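# What follows is a protein structure lacking sequence information:
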């Protein structure tokens with residue numbers, strides 16, 4: 001007996017496509033909601049993200065005082081960053097897996113997720129331990145060493161997470177997706193153009209690498225980016241519903 005290869009039927013392919021769109025939209029919505037949880041928990045507990053610039057002598061006692069809230073908030077933030085990785089892969093599949101632009105863009109999206117995870121991880125692994133040691137010693141030399149370690153690692157990991165992850169890789173990923181939207185026209189062109197504007201705003205905070213102040217731009221661009229992503233989720237569901245009608 002000659003074995004024959006079974007190919008998916010048209011209905012099966014349509015169902016698979018619908019599932020991909022729904023997964024992508026669901027992850028985009030979930031990522032947004034979990035980020036809002038992060039903002040609410042950390043904002044009320046430690047005045048995040050403004051507290052990121054606090055000196056060690058102010059930040060470490062607050063971390064210890066609000067340890068449970070810090071753990072919950074940064075766990076949520078870690079989860080939202082993790083979601084960027086499958087989102088990047090699903091958008092690559094939806095918008096055109098054969099596109100070299102999207103292939104590169106998906107790589108940027110994955111790198112953005114990993115860079116953010118590296119930056120966020122310090123608040124779950126290192127900083128609580130430093131806060132504990134800082135509170136239990138009265139040795140000024142040890143305290144000075146802890147403050148130096150806090151400041152140095154915060155600058156390094158913060159640069160990896162915020163400058164490389166949030167600004168550089170996420171900005172390039174957003175630009176790549178937006179250009180693909182303009183090329184393929186599955187989604188409205190205005191949405192592709194708005195994505196390019198958002199991508200530029202996300203890239204602007206990179207000027208801080210050169211000791212230039214971006215002011216509130218990191219917060220503003222991050223908010224615009226989150227709004228654009230959740231709108232993308234709605235657009236995907238709407239497009240798929242129209243295609244099936």
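Right, received. Where do you want to start? Everything numeric in this text was worked out from a predicted model, so none of it was measured.

# tell me the centre residue of this protein?
Closest residue to the average C-alpha location of the chain: residue 81 at 4.4 Å, with CA atoms, centre = their mean.

# my read: it touches residue 117, true?
Yes: distance between residue 81 and residue 117: 5.2 Å, which falls inside the contact criterion (CB atoms under 8 Å). In this view, the C-beta of every residue, glycine as well, is placed from N, C-alpha and C.

# buried stuff in the helix or strand containing residue 68?
Using DSSP states H and E, residue 68 maps to helix 67-96. Residues of helix 67-96 classed as buried under the neighbour-count rule (16 or more other CB atoms under 10 Å) are 69-70, 72-88, 90-92, 94-96.

# Rounded mean pLDDT for the helix or strand containing residue 129, please.
Following DSSP H and E, one finds residue 129 within helix 127-136. If you average the pLDDT over helix 127-136, you get 96.

# How far does it sit from its chain's centre?
Counting by CA atoms, centre = their mean, to the nearest Å, helix 127-136 is centred 28 Å from the centre of its parent chain.

# other SSEs contacting whichever helix or strand comes after that helix?
Per DSSP H and E, the first helix or strand lying C-terminal to helix 127-136 is helix 140-158. For helix 140-158, the packing partners by 3 or more CB pairs under 8 Å, 6 or more residues apart in numbering; DSSP states H and E come out as helix 56-65, helix 100-125, helix 127-136.

# Name the residues of the first one that are buried.
For helix 56-65, the neighbour count (16+ other CB under 10 Å) marks 56, 59, 60, 62, 63, 64 as buried.

# so where's this protein shaky on pLDDT?
Within the chain, the segments meeting pLDDT under 70 span 1-17, 97, 243-245.

# re the thing from before, tell me how far the helix holding residue 68 lies from the chain's centre.
The answer for helix 67-96 is 6 Å, by CA atoms, centre = their mean.

# Skipping adjacent residues, who's closest to residue 69 in space?
The spatially closest residue to residue 69, leaving aside those adjacent along the chain, is residue 45, at 3.6 Å (CB to CB, 6 or more residues apart in numbering).

# residue contacts, the one you found?
In this structure, residue 45 makes contact with 66, 69, 70, 73, judged by CB atoms under 8 Å, 6 or more residues apart in numbering.

# buried stuff in stretch 113-125?
Within stretch 113-125, the residues scored as buried using 16+ other CB under 10 Å are 113, 114, 115, 116, 117, 118, 119, 120, 121, 122, 123.

# any idea which of the residues you listed is the one closest to residue 224?
Set against residue 224, the nearest of these by CB to CB is residue 116 (16.9 Å).

# Residue 79 is in contact with that closest one, correct?
No: checked against CB under 8 Å, the pair residue 116 and residue 79 is beyond contact range at 11.1 Å.

# Pull out the buried residues from the helix or strand residue 192 falls within.
Using DSSP H and E, residue 192 maps to helix 189-203. Within helix 189-203, the residues that qualify as buried are 192, 194, 195, 196, 198, 199, 201, 202, 203, counting by 16+ other CB under 10 Å.

# How far away from the center of its chain is the helix or strand following that helix?
Following helix 189-203 in sequence order, the next helix or strand is helix 217-244 (DSSP H and E). The chain centre lies 14 Å from the centre of helix 217-244; the measure is CA atoms, centre = their mean.

# and helix 217-244, which residues are buried?
In helix 217-244, counting by 16+ other CB under 10 Å, buried: 217-218, 221-222, 224-226, 228-233, 235-237, 240.

# what sits against residue 109?
Residue 109 makes contact with 84, 85, 87, 88, 89, 91, 92, 169, 170, 173, according to CB under 8 Å, 6+ apart.

# wait, residue 102
91, 92, 95, 96, 176, 177, 180.

# Now the last one: which helix or strand?
Per DSSP H and E: residue 180 is located in helix 170-184.
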